[in-house]
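> Below are the sequence and a predicted model; questions follow.
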Amino acid sequence: MHGLYAIYRKEMGHYFVSPIAYIFIGLFLILTAFFFNVILSEVIKQSFQMEMQSMQFGQPSSFDVPAAVLRSFFGLLSTLILFFTPILTMSVYAEERKRGTMELLMTSPVSELEIVLGKFLASLSLFAIMLLPTATYLIFMVLRSEPMLPWRMLLAGYAGVLLLGGSLLALGSFVSSLTENQLIAAVITFAASLFIWVLDIARSSDTGASAVLRYLSVIRHYEDFTRGVIDTSSLIYYFSFITLFIFLTVRSVDSMRWRRA
Amino acid sequence: MIEVEDLTKAYGSVKAVDDVSFTVNKGEILGFLGPNGAGKTTTMRILTGYLPATSGTARIAGFDVFRDSMEVRRRIGYLPENPPLYPDMTVETYLDFVARIKDLPAERRAARIDEALRKTNLEDKRSELIKRLSRGYKQRVGIAQALVHDPDVIILDEPTVGLDPKQIIEVRNLIKGLAGNHTIILSTHILPEVSMTCDRVVIINKGKIAAVDTPQNLTSQLKGGQRVRIEVEAPERRLREVLAQVPGANRVEIEPERKGARLAVTVEAAQGQDIRSEIAAKIVQNGWPLFELRGVSLSLEDIFLELTTDDATHAQPSS
């Protein structure tokens, strides 16, 4: 798998020489920091209200602020990912094809799988690097909480974010390999991700189809993670999703040999 | 080293490569000559494993390019028409990347990169960003990447296009220096390049092979007999009569362009006859001023035009 590592290195190198990556990451961090603040103050306000209410009824309040913040924050992250991942993946294959370097890769002793995995892992790494600073706010909050929130909840949440992000990156990767136009790739990826989101709404109804939808829903599995639950069926779901789209991308890359006249 | 048999590539009903067969021996430089759109690039893309053929076989170093593609790819260096460069990398980083994906073992990488840089005269550009290089240097980086892993076979698609004359000479010398140790196929539509660098030539047109031979054989084959070119001031009809009388003269062709009263004439002789002295004598006899008399050989250009134009009219000799 020598090619995989070489391609991974190259992709990572390219991400970090371009100013776009820094702007992108910076914007993401500014947004998350801002929203973290908003969420925190809102949740605290809400907890005071609940306390007042329960004092009126003579009951102890049991509002778990850190857990609520965590859930809301991870919810926010999922929305941000929806917008940011299409941009991460849109140029992955388009650039190579434009420069003619796809021809170099495909006439070298590297398999299509190595190419696809190398690029995917690089985009996933960038995604993880982007997420890392957000953990500082949450870690700070967890350390300050009394009783202290179990770390498991934080880890499960981020596991969910990585799996959800990975899924969308795999999807975006596939779409990017289908077209030479970066903008179209971004738009279609976004639309596809949105469609998956929308599908989620149907799962609350009681029809037979909704049971299937409930399993297929990318969101539901994610929500479990944000509650601190790491369910094996969810893990299988995400790995299957990612594997499916990696497989499709490999076939798509192979088909590039036939596409040019 | 390279065996191509009945190779065909069809796009729908159009055959970009039509039943092409040829071989290249180890250490040889084979030229692929043809007009644009003849099928040169398509054939190369099939050989390098980028495109699958519709039918026929191609083998490099004994490995089938379709069935054992990975083995073939390890043994070839390829420069497509547009060098496949990453603008944001330095020359050195780029060559290192290519060396890695070509599966060059780590311990040989540094030395091979140095060697490739040396052979293409890029040593002082090694830390330069590729996007800052001029076209000529970029082309050289393209050649360097085809060499870096020391492949048995090197396939170059139009390697001198876009270079200035000095660079073209450098590249041609580089290619000639590589022969023997490497087997080379290069494609071009620049004719002198072929006669200067190649051991053998494949002339291809509209997907089909028109000729396969050494440049020398091709020129002498189609040369026929001697051709003599004269510039003389003489009345046309009378000149024709006189020249027709020269023993061994087959065809007399007078160029339509006139410089005043001066006619430019090409006389073709039968094989093995030197008619120059006869012509000179006849012209002097008639008292006509003779400005030029020389033997003309059919250049590769003429052969090329002859073989690749639809209307197979007799090729015009180049002056």
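Received, thanks. Numbering: from 1, shown residues only, chains lettered A, B, ... in the order given.
> Just the residues contacting stretch B:69-78, thanks.
A:104, A:107-109, A:111, B:44, B:47-49, B:60-61, B:63-65, B:102-103, B:145-149, B:151-157 (Cβ atoms under 8 Å, 6 or more residues apart in numbering or on different chains). Glycine gets a C-beta too; all of them are placed from N, C-alpha and C.
> mind listing what's buried in that stretch?
B:Ser69, B:Glu71, B:Val72, B:Arg73, B:Arg74, B:Arg75, B:Ile76, B:Gly77, B:Tyr78 (16 or more other Cβ atoms under 10 Å in any protein chain shown).
> Can I get it in CSV, CA atoms only?
This file holds the C-alpha atoms of stretch B:69-78, laid out as CSV (Å, rounded to 0.1, in the frame of the first residue of the first chain):
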residue,chain,number,x,y,z
SER,B,69,-1.3,-3.8,-15.8
MET,B,70,0.5,-3.2,-12.5
GLU,B,71,3.6,-5.0,-13.7
VAL,B,72,3.6,-3.0,-16.9
ARG,B,73,3.2,0.3,-15.0
ARG,B,74,6.2,-0.5,-12.8
ARG,B,75,8.3,-0.7,-15.9
ILE,B,76,7.3,2.3,-17.8
GLY,B,77,7.8,6.0,-17.6
TYR,B,78,5.2,8.1,-19.3
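> still on that earlier bit, please produce JSON lines containing the buried residues of stretch B:69-78, extended by pLDDT.
Formatted as JSON lines, the buried residues of stretch B:69-78 follow (pLDDT from 0 to 100):
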{"residue": "B:Ser69", "pLDDT": "91"}
{"residue": "B:Glu71", "pLDDT": "92"}
{"residue": "B:Val72", "pLDDT": "93"}
{"residue": "B:Arg73", "pLDDT": "94"}
{"residue": "B:Arg74", "pLDDT": "93"}
{"residue": "B:Arg75", "pLDDT": "94"}
{"residue": "B:Ile76", "pLDDT": "94"}
{"residue": "B:Gly77", "pLDDT": "95"}
{"residue": "B:Tyr78", "pLDDT": "95"}
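> Out of the residues you listed, list just those in helices.
B:Ser69, B:Glu71, B:Val72, B:Arg73, B:Arg74, B:Arg75 (DSSP state H).
> after the helix or strand encompassing B:Val98, next one along is what?
Assigned by DSSP states H and E, B:Val98 falls within helix B:91-101. Sequence-wise, the next helix or strand downstream of helix B:91-101 (DSSP H and E) is helix B:106-119.
> my read: A:Ala192 touches A:Leu171, true?
Yes - the criterion here is Cβ atoms under 8 Å, and A:Ala192 meets it with A:Leu171 at 6.0 Å.
> Can you lay out the buried residues of stretch B:69-78 as a markdown table showing distance to B:Cys198?
Shown next, in a markdown table, are the buried residues of stretch B:69-78 (distance: Cβ to Cβ, whole Å):
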| residue | distance to B:Cys198 |
| --- | --- |
| B:Ser69 | 27 |
| B:Glu71 | 27 |
| B:Val72 | 22 |
| B:Arg73 | 24 |
| B:Arg74 | 25 |
| B:Arg75 | 21 |
| B:Ile76 | 18 |
| B:Gly77 | 18 |
| B:Tyr78 | 18 |
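> what's the spacing between the helix or strand hosting A:Ser252 and its chain's center?
Element membership for A:Ser252, per DSSP H and E: helix A:232-259. Offset of helix A:232-259 from its chain centre (Cα atoms, centre = their mean, to the nearest Å): 16 Å.
> which residues in the stretch 101-250 of chain B form helices?
Counting by DSSP state H, counting those that start in this stretch, the segments of the stretch 101-250 of chain B that form helices are B:106-119, B:135-147, B:165-178, B:191-197, B:215-223, B:236-245.
> Determine which of those approaches chain A most closely.
Nearest of the helices of the stretch 101-250 of chain B to chain A, taken as Cβ to the nearest Cβ: helix B:135-147 at 7.6 Å.
> Can you name every helix or strand that that closest one contacts?
Where contact means 3 or more Cβ pairs under 8 Å, 6 or more residues apart in numbering or on different chains; DSSP states H and E, helix B:135-147 is packed against strand B:76-79, helix B:91-101, helix B:106-119, strand B:153-157, helix B:165-178.
> Tell me how many other residues surround residue 195.
By default, I'm working from chain A. 10 (other Cβ atoms under 10 Å in any protein chain shown).
> nope, chain B please
Residues near B:Ser195, counting by other Cβ under 10 Å: 18.
> Ok, A:Thr243 next?
Neighbour number of A:Thr243 under other Cβ under 10 Å is 11.
> Would you quantify the distance from it to A:Asp224?
Relative to A:Asp224, A:Thr243 is positioned 20 Å away (Cβ to Cβ, to the nearest Å).
> for the helix holding B:Val98, which positions count as buried?
B:Val91, B:Glu92, B:Thr93, B:Tyr94, B:Leu95, B:Asp96, B:Phe97, B:Val98, B:Ala99, B:Arg100, B:Ile101.
> who's in contact with the first one?
Applying Cβ under 8 Å, 6+ apart, one finds that B:Val91 lies in contact with B:Leu117, B:Leu122, B:Lys125, B:Arg126, B:Ser127, B:Glu128, B:Ile130, B:Leu133, B:Val141, B:Ala144.
> Ok, the second one next?
Contact criterion Cβ under 8 Å, 6+ apart gives B:Ile113, B:Leu117, B:Arg126, B:Ser127 as the residues in contact with B:Glu92.
> what's the helix or strand for B:Asp18?
strand B:14-24.
> That strand vs chain A: in contact?
No - taking Cβ under 8 Å from any Cβ of the partner chain as the criterion, strand B:14-24 and chain A are apart, separated by no less than 8.8 Å.
> buried ones in that strand?
Those would be B:Lys15, B:Ala16, B:Val17, B:Asp18, B:Val20, B:Phe22, B:Val24, for strand B:14-24 by 16+ other Cβ under 10 Å.
> is chain A contacted by stretch B:46-56?
Yes - interface with chain A: stretch B:46-56 contributes B:Thr48, B:Gly49, B:Tyr50, B:Leu51, B:Pro52 (Cβ under 8 Å from any Cβ).
> tally of neighbours for residue 37?
You didn't say which chain, so I picked chain A. 11.
> hmm, I had chain B in mind actually
Neighbour tally, B:Gly37, other Cβ under 10 Å: 13.
> So it lies in a helix, does it not?
No - B:Gly37: not assigned to a helix; according to DSSP: H, G, I helix; E, B strand; the rest coil it is coil.
> which residues sit in contact with it?
B:Lys206.
> And for the one 5 residues further on?
Contact analysis of B:Thr42 by Cβ under 8 Å, 6+ apart lists B:Lys9, B:Ala16, B:Val17, B:Leu51, B:Gly207.
> Let me know the closest of those to A:Ser125.
B:Leu51 (32.9 Å; Cβ to Cβ).
> And the next helix or strand past the strand or helix carrying A:Gly26?
Following DSSP H and E, the helix or strand that holds A:Gly26 is helix A:19-56. The helix or strand immediately downstream of helix A:19-56 is helix A:65-89, counting by DSSP H and E.
> any idea of the angle that following helix forms with helix A:19-56?
In terms of direction (axes from the mean of the first three to the mean of the last three Cα atoms, to 10 degrees), helix A:65-89 departs from helix A:19-56 by 160 degrees.
> which strands and helices sit next to helix A:65-89?
Packed next to helix A:65-89, using 3+ Cβ pairs under 8 Å, 6+ apart, are helix A:19-56, helix A:112-144, helix A:151-178, helix A:182-202, helix A:218-226.
> re earlier: check the contacts of B:Val91 and tell me the two furthest apart.
Longest span within the contacts of B:Val91, Cβ to Cβ: B:Ser127 and B:Ala144, 14.3 Å.
> Who has more neighbours out of those two?
B:Ala144 (25 against 9).
> I figured that one was touching B:Leu117, is that so?
Yes - checked against Cβ under 8 Å, the pair B:Ala144 and B:Leu117 is within contact range at 6.4 Å.
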